[in-house]
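> Quick one, what's the 3D model for this:
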Amino acid sequence: MKYKIVYLKENFLETATQYPILITLLYSSQKSLYDTKQIELIFQPIGKNKDRLLKTIQLRDDYDYYHGIHQLNNPITDEKVTIKLNEFDIDVDEFGENHVIFDIMKTFSKNFYMIMA
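Below is the predicted model of the structure:
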């Protein structure tokens, strides 16, 4: 399962609650200056929360890092979670229906939102 985690600005949170599909439609890759400005109006850079996530997962015994890709490897079930940190989102690829990284991020703030890829 692949998904992105984004951080919504406070003034857009109520709209996102009423129209959850709107977030998926508005979040796009930044191919032009217009796209970048649209992203900046609705979404907030992950910043300090990215650091908090890293501190949390780096404490785990199953954590690994290689060339910008963070991984959690469960040696018992052989399941792997791949995490790539960007300015406005976190790309996550998890096995099965688990949302381990999203669950961790939701403990930091209610403004985090998951976009299915």
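
> Please name the residues that touch Asn74.
Going by CB atoms under 8 Å, 6 or more residues apart in numbering, Asn74 touches Asp62, Lys80. C-beta here means a position set from N, CA and C on the backbone, and glycine is covered the same way.

> wouldn't Ala16 be in contact with Tyr113 here?
Yes: using CB atoms under 8 Å, Ala16 is in contact with Tyr113, at 6.4 Å.

> Helices of the chain, residue ranges please.
13-18, 20-26, 33-42, 48-58, 100-108 (DSSP state H).

> Give the rounded mean pLDDT of the shortest one.
Across helix 13-18, pLDDT averages out at 88.

> How about stretch 91-109?
Confidence over stretch 91-109 (mean pLDDT, whole number) is 91.

> what comes into contact with that stretch?
Against stretch 91-109 from outside (CB under 8 Å, 6+ apart): 1-5, 7, 49, 52-53, 56-57, 72, 79-84, 90, 112, 114, 117.

> Please pick the buried ones from those residues.
Burial by neighbour count, 16 or more other CB atoms under 10 Å: within the contacts of stretch 91-109 this picks out 3-5, 7, 49, 52-53, 57, 72, 81-83, 90, 112, 114.

> nearest to Leu22, of those residues?
Met114 (14.0 Å; CB to CB).

> Just list the residues touching that closest one, thanks.
Taking CB under 8 Å, 6+ apart, one finds Tyr3, Lys4, Ile5, His99, Phe102 in contact with Met114.

> per-residue confidence for the residue of the chain positioned farthest from its centre?
In the chain, counting by CA atoms, centre = their mean, Ile76 sits farthest out from the average C-alpha position, at 25.4 Å. We note a pLDDT of 85 for Ile76 in this prediction.

> From Thr56, how far off is it?
Here the criterion is CB to CB, to the nearest Å. By it, Ile76 lies 20 Å from Thr56.

> same deal with Phe43?
22 Å.

> same deal with Val92?
Val92 is 14 Å from Thr56, by CB to CB.

> With Lys31 instead?
With CB to CB as the criterion, Lys31 and Thr56 are 32 Å apart.
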